[in-house]
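Participant: can't give you the sequence, but here's the structure:
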């Protein structure tokens with residue numbers, strides 16, 4: 001019944017043991033003040049290394065790329081040393097792990113980025129969006145984002161170079177590859193979606209122009225580490241963090257075609273998963289499948305049965321289970337043996353210590 005999830009699969013040069021993915025999930029446990037990965041994060045990921053693929057939590061590529069307090073970076077020597085602990089622990093357990101590279105663009109507050117003004121495709125504030133800050137007075141909390149400034153050509157070139165360097169850093173830190181975060185309303189998504197990009201230069205207006213920044217970032221990273229070590233996360237129907245596209249099917253099928261030309265290893269689709277969220281049609285999924293010939297990963301409230309059906313239908317190659325991996329470090333075994341899934345405690349998702357991170361038991 002679950003056999004479809006346990007067939008090995010090729011991903012670039014890698015062979016994955018199964019088709020179950022642990023997707024990127026922010027847990028806000030990075031060591032302060034340097035935003036570096038640490039021993040408890042190493043334990044957490046190592047516990048979950050029976051996933052066919054682990055994609056690490058969103059990791060900022062520069063100080064300006066940071067959206068929330070206590071998330072990890074991948075631009076300093078200390079941060080690379082921290083991540084090396086994590087990748088060593090995962091590899092010791094025969095796991096495979098990609099780093100998710102992240103620039104939040106406008107989804108931040110000056111308190112999180114050394115009191116700078118955030119940058120974005122255009123000078124449009126994300127409405128009704130809050131981010132988590134640690135003001136240093138032991139009184140952390142959520143605050144409204146601020147209006148960003150429109151990126152100059154020099155800014156764009158700088159960020160492309162930062163993504164390239166972050167990809168090199170990830171490989172140096174022992175990751176098997178990287179995932180570019182181009183979903184959920186963050187910087188790349190702010191360029192792609194029509195309603196968050198009002199530029200009048202070659203990075204805005206037409207669909208080709210709105211995809212140009214994505215194209216340049218992928219090109220730079222592929223030149224540095226090889227396209228076979230790159231995946232991209234997209235969220236065609238999400239309205240998270242205020243980004244909306246007028247014609248998502250057209251836009252994201254074009255994005256998939258572009259990524260196919262780069263010959264990247266996978267596309268990871270985040271389906272909208274809140275109550276009354278828009279549902280991705282089978283036709284949309286078929287269009288993406290026709291546009292892109294690599295590995296397709298889907299995420300969003302999948303049960304075992306839905307996951308098996310998605311793979312057997314040919315629309316998906318792998319399925320990511322987010323929150324279930326929080327409370328079930330042995331999720332693949334539980335799926336295989338039809339065992340119950342533990343529920344996670346929402347109170348301990350973000351920040352704190354081992355509690356709610358590494359203390360969930362395996363099935364007994």
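Facilitator: Structure's in. What do you need? What you see is a predicted model, and the numbers here were worked out from it, not measured in a lab.

Participant: CA atoms for contacts and neighbours, from now on please.
Facilitator: Noted.

Participant: which residues of the chain score low on pLDDT?
Facilitator: For the chain, the stretches with pLDDT under 70 are 137-139.

Participant: which strand of it spans the most residues?
Facilitator: strand 53-60 (DSSP state E).

Participant: can you name the next helix or strand after that one?
Facilitator: helix 77-92 (DSSP states H and E).

Participant: and the helix or strand following that next one, what does it pack onto?
Facilitator: Using DSSP H and E, the helix or strand that directly follows helix 77-92 along the chain is strand 97-102. Of the remaining helices and strands, those touching strand 97-102 by 3 or more C-alpha pairs under 8 Å, 6 or more residues apart in numbering; DSSP states H and E are strand 53-60, helix 153-172, strand 177-181.

Participant: among the ones you listed, which is nearest residue 358?
Facilitator: strand 53-60 (15.1 Å; C-alpha to C-alpha).

Participant: angle of the closest one against helix 153-172?
Facilitator: Going by axes from the mean of the first three to the mean of the last three C-alpha atoms, to 10 degrees, strand 53-60 is angled at 140 degrees with respect to helix 153-172.

Participant: and strand 53-60 with helix 77-92, angle?
Facilitator: Using the same axes, to 10 degrees: strand 53-60 against helix 77-92 is 170 degrees.

Participant: which residues sit against strand 53-60?
Facilitator: 16, 19-27, 45, 48, 66, 71-75, 95-104, 179, 181 (C-alpha atoms under 8 Å, 6 or more residues apart in numbering).

Participant: hmm, 6 Å instead?
Facilitator: For strand 53-60, the external contacting residues (C-alpha atoms under 6 Å, 6 or more residues apart in numbering) are 21-26, 66, 72-73, 96-103.

Participant: check stretch 104-111 too.
Facilitator: 65, 67, 116-120, 145, 148, 186-187.

Participant: between which two of those residues is the distance greatest?
Facilitator: 116 and 186, at 17.3 Å, using C-alpha to C-alpha across the contacts of stretch 104-111.

Participant: neighbour count: those two, which is higher?
Facilitator: residue 186 (24 against 13; other C-alpha atoms under 10 Å).

Participant: which parts of the stretch 201-350 of the chain are strands?
Facilitator: 230-234, 266-270, 295-299, 318-320 (DSSP state E, counting those that start in this stretch).

Participant: which strands border the shortest one, and is each parallel or antiparallel?
Facilitator: Okay, so that is strand 318-320. Using DSSP bridges, strand 318-320 pairs in its sheet with strand 20-22 (parallel), strand 295-299 (parallel).

Participant: now do the longest one: everything it contacts.
Facilitator: Residues lying outside strand 295-299 but in contact with it, judged by C-alpha under 6 Å, 6+ apart, are 266-271, 316-320.

Participant: and if we set it to 10 Å?
Facilitator: 9-12, 19-23, 231-235, 264-273, 285, 288-289, 307, 310-311, 314-322 (C-alpha atoms under 10 Å, 6 or more residues apart in numbering).

Participant: so among the residues you listed, which ones count as buried?
Facilitator: Buried members of these, scored by 16 or more other C-alpha atoms under 10 Å, are 9, 11-12, 19-23, 231-235, 264-272, 285, 288-289, 307, 310-311, 315-322.

Participant: nearest to residue 339, of the helices and strands packed on strand 97-102?
Facilitator: strand 53-60 (21.0 Å).

Participant: report how many residues lie close to residue 168.
Facilitator: There are 18 residues near residue 168, going by other C-alpha under 10 Å.

Participant: swap that for residue 205, please
Facilitator: For residue 205, using other C-alpha under 10 Å, the count is 15.

Participant: next, give phi and psi for it.
Facilitator: Backbone torsions of residue 205, given as degrees, to the nearest 10, read phi 90, psi -100.

Participant: apart from its neighbours in sequence, what residue is nearest it?
Facilitator: Excluding its sequence neighbours, the residue lying closest to residue 205 (C-alpha to C-alpha, 6 or more residues apart in numbering) is residue 199, at 6.4 Å.

Participant: quick one, helices of the stretch 151-300 of the chain?
Facilitator: Per DSSP state H, counting those that start in this stretch, the stretch 151-300 of the chain carries helices over the ranges 153-172, 187-192, 207-210, 212-225, 248-262, 282-291.

Participant: which one of the ones you listed is the most hemmed in?
Facilitator: helix 187-192 (a mean of 29; mean count of other C-alpha atoms under 10 Å).

Participant: show me what that one packs onto, helices and strands only.
Facilitator: strand 119-120, strand 177-181, helix 207-210, helix 212-225, strand 230-234, helix 248-262 (3 or more C-alpha pairs under 10 Å, 6 or more residues apart in numbering; DSSP states H and E).

Participant: would you tell me which of the ones you listed gets closest to residue 350?
Facilitator: strand 177-181 (19.4 Å).

Participant: could I get the buried residue list for that closest one?
Facilitator: Buried residues in strand 177-181 (16+ other C-alpha under 10 Å): 177-181.

Participant: same list (those residues) but as TSV, adding distance to residue 133.
Facilitator: Listed next are these as TSV, based on distance: C-alpha to C-alpha, whole Å:
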residue	distance to residue 133
177	30
178	26
179	25
180	24
181	21
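
Participant: residue 211 touches residue 253, doesn't it?
Facilitator: No: between residue 211 and residue 253 there is no contact under C-alpha atoms under 10 Å: 11.4 Å.

Participant: Provide a list of residues in contact with residue 354.
Facilitator: 29, 40-41, 43-44, 348, 360.
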